[in-house]
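Peer 1: mind folding the following:
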Amino acid sequence: MPRQLSNPRPRRLPGGGPRPPAHRALPRLPERAGVSARALALAALLALALPAPGGAAPLRVAVSVLPEQAFVSAVAGSLATVDVLVGPGRSPATYEPTPRQMASLADAALFLPMGVPFEQAWLPRLTAAAPGLRVVDLVAAAGIERLTLHGHSHGDAPASPAGAELDPHLWTDPRLVARLLPPLADALCAADPAHCDAFRAGAAAYADTLAALDAELRAILAPVRGRRFLVFHPSWGYFAAAYGLEQVAIEHEGKEPGARALANVIDAARASGLRTIFVQRQFASGAARAVADAIGGDVIAVDPLAADYCANLRRTARIMAAALAAEDSP
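Peer 2: Below you'll find the model as predicted:
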């Protein structure tokens with residue numbers, strides 16, 4: 001169970017498995033004949049799970065949303081604790097940090113923003129409250145261009161026009177998460193150089209996990225490639241772009257649709273044969289229910305902010321594939 005600031009940290013091995021409660025980093029191995037690169041990588045990975053010498057405190061890392069916790073934990077293992085600002089069931093669009101979280105950030109070495117809405121208003125205040133906090137924008141460091149946030153998204157990621165509202169949900173595409181791993185390892189190395197080999201080995205191992213996940217999602221969604229799907233909040237644009245789908249959103253820029261817009265959505269859904277509306281628990285689903293009633297459809301909950309990142313994307317892909325296939329039935 002992931003934690004928010006000041007709560008106990010979940011313990012995971014790189015790639016998602018459970019790990020022991022304490023850890024110790026292995027000493028850096030010398031480069032010499034007879035010691036293979038694989039052996040060095042294995043030793044570095046083991047360092048993520050073993051107790052630290054002398055009970056050294058793990059690195060404190062703060063992140064905005066729960067999926068980021070999975071990424072940092074996979075790369076850093078026991079060598080870092082990860083504090084999440086926006087906890088389960090909370091919306092990054094309306095979230096406000098608590099005074100306790102603001103105070104706790106002063107003990108963190110790193111903060112890794114993700115471009116979610118609350119950061120725009122709160123990041124200056126967070127850094128003012130914790131002047132020693134190092135803020136690293138992994139998305140910018142990875143050179144990833146965000147999609148624009150609007151009701152429709154399809155095809156490969158386009159360049160974002162200046163001034164357009166950008167879609168922060170890029171973690172729904174595991175290929176983009178893989179691009180965040182090298183700058184994440186760099187940031188961890190800068191904060192804790194003694195464990196740099198372990199961080200880089202963790203990043204390499206998690207990149208393999210994400211590549212396997214991407215292949216699995218591609219296979220699950222292949223039968224419905226090219227299909228449109230209806231969502232309330234447009235949080236699956238990167239997922240749609242990655243797997244050849246088209247997202248059609250009821251909500252636009254965080255606003256409930258008016259009567260005319262709602263009628264347009266209903267007409268479009270009927271014309272396209274859409275009968276499933278995907279919602280997430282962070283947003284009210286009254287408008288989604290109204291559309292579902294009008295088209296004789298169903299409302300299904302999926303969560304782009306779930307903490308169990310890989311399992312959640314598999315679960316979402318299977319739900320979407322089954323729902324879209326069912327729409328072909330009379």
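
Peer 1: kindly export the one helix or strand Leu126 maps to (C-alpha atoms) in CSV.
Peer 2: Assigned by DSSP states H and E, Leu126 falls within helix 117-129. The C-alpha coordinates for helix 117-129 follow below in CSV (Å, rounded to 0.1, in the frame of the first residue of the first chain):
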residue,chain,number,x,y,z
PRO,A,117,-2.4,20.9,-12.0
PHE,A,118,-1.8,21.5,-8.3
GLU,A,119,2.0,21.9,-8.9
GLN,A,120,1.5,25.2,-10.8
ALA,A,121,0.1,26.9,-7.8
TRP,A,122,1.9,25.1,-5.0
LEU,A,123,5.4,24.4,-6.3
PRO,A,124,6.7,27.9,-5.5
ARG,A,125,5.3,27.6,-2.0
LEU,A,126,6.7,24.1,-1.5
THR,A,127,10.2,25.2,-2.5
ALA,A,128,10.0,28.3,-0.3
ALA,A,129,9.0,26.2,2.7
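
Peer 1: what does it rub up against?
Peer 2: With CB atoms under 8 Å, 6 or more residues apart in numbering as the test, helix 117-129 has contacts from 64, 85-86, 92-97, 102-103, 105-106, 111, 113, 133, 135, 168, 254. C-betas here are computed from N, CA, C, even on glycine.

Peer 1: one more: stretch 263-270?
Peer 2: Under the criterion CB under 8 Å, 6+ apart, residues 230, 248, 250, 257, 274-275, 291, 294-295, 297 lie in contact with stretch 263-270.

Peer 1: quick one, helices of the stretch 101-250 of the chain?
Peer 2: 117-129, 138-141, 174-191, 196-221, 237-242 (DSSP state H, counting those that start in this stretch).

Peer 1: out of these, which comes closest to Leu59?
Peer 2: The minimum distance between Leu59 and the helices of the stretch 101-250 of the chain falls on helix 174-191, with 5.7 Å, by CB to CB.

Peer 1: what's the angle from the closest one to helix 196-221?
Peer 2: 170 degrees (axes from the mean of the first three to the mean of the last three CA atoms, to 10 degrees).

Peer 1: follow-up on the earlier one: tell me which of the helices of the stretch 101-250 of the chain is the most buried.
Peer 2: Counting by mean count of other CB atoms under 10 Å, helix 237-242 has the highest mean neighbour count of those, with a mean of 25.

Peer 1: run through who's touching it.
Peer 2: If you take CB under 8 Å, 6+ apart as the criterion, helix 237-242 is touched by 147, 149, 153-157, 167, 169-176, 214, 217, 229, 245-247, 304, 313, 316.

Peer 1: whichever of these end up buried, select them in ChimeraX.
Peer 2: Remark: buried members of the contacts of helix 237-242, expressed as a ChimeraX selection using 16 or more other CB atoms under 10 Å:
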select :147,149,153,157,167,169,170,171,172,173,174,176,214,217,229,245,246,247,304,313,316
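
Peer 1: what separation do you get for Gly202 and Arg175?
Peer 2: 18 Å (CB to CB, to the nearest Å).

Peer 1: let me redo that: Leu147
Peer 2: Separation of Leu147 from Arg175 (CB to CB): 14 Å.

Peer 1: quick one, whichever strand or helix holds Ala62 and helix 196-221 angle?
Peer 2: If you go by DSSP H and E, Ala62 is part of strand 59-63. Here strand 59-63 runs at an angle of 30 degrees relative to helix 196-221 (the same axes, to 10 degrees).

Peer 1: give the partner strands of strand 59-63 in its sheet and their orientations.
Peer 2: strand 80-84 (parallel), strand 110-112 (parallel) (DSSP bridges).

Peer 1: among those strands, which is nearest Pro58?
Peer 2: With CB to CB as the measure, strand 80-84 is the member of those nearest Pro58 (5.1 Å).

Peer 1: so how far is that closest one off the chain centroid?
Peer 2: With CA atoms, centre = their mean, to the nearest Å as the basis, strand 80-84 stands 15 Å off its chain's centre.

Peer 1: ok, stretch 111-122 next?
Peer 2: Its chain's C-alpha centre and that of stretch 111-122 lie 13 Å apart, by CA atoms, centre = their mean.

Peer 1: stretch 304-311 too?
Peer 2: Centroid displacement of stretch 304-311 relative to its chain, using CA atoms, centre = their mean, is 7 Å.

Peer 1: check which residues of that stretch are buried.
Peer 2: 304-310.

Peer 1: now do the buried residues in stretch 257-269.
Peer 2: 257, 261-262, 265-266, 269.

Peer 1: of these, which belong to helices?
Peer 2: Secondary structure of the buried residues of stretch 257-269 is defined by DSSP state H; positions in helices are 261-262, 265-266, 269.

Peer 1: identify, from those, the entry nearest to Pro234.
Peer 2: Val265 (12.3 Å).

Peer 1: give me the pLDDT value at that closest one.
Peer 2: Model confidence at Val265, given as pLDDT, is 84.

Peer 1: which residue, other than its chain neighbours, is closest to Gly132?
Peer 2: Of all residues not flanking Gly132 in the chain, Ala106 sits nearest, at 7.2 Å (CB to CB, 6 or more residues apart in numbering).

Peer 1: give me the number of residues near that neighbour?
Peer 2: Each residue near Ala106 was counted by other CB atoms under 10 Å, and the total is 13.
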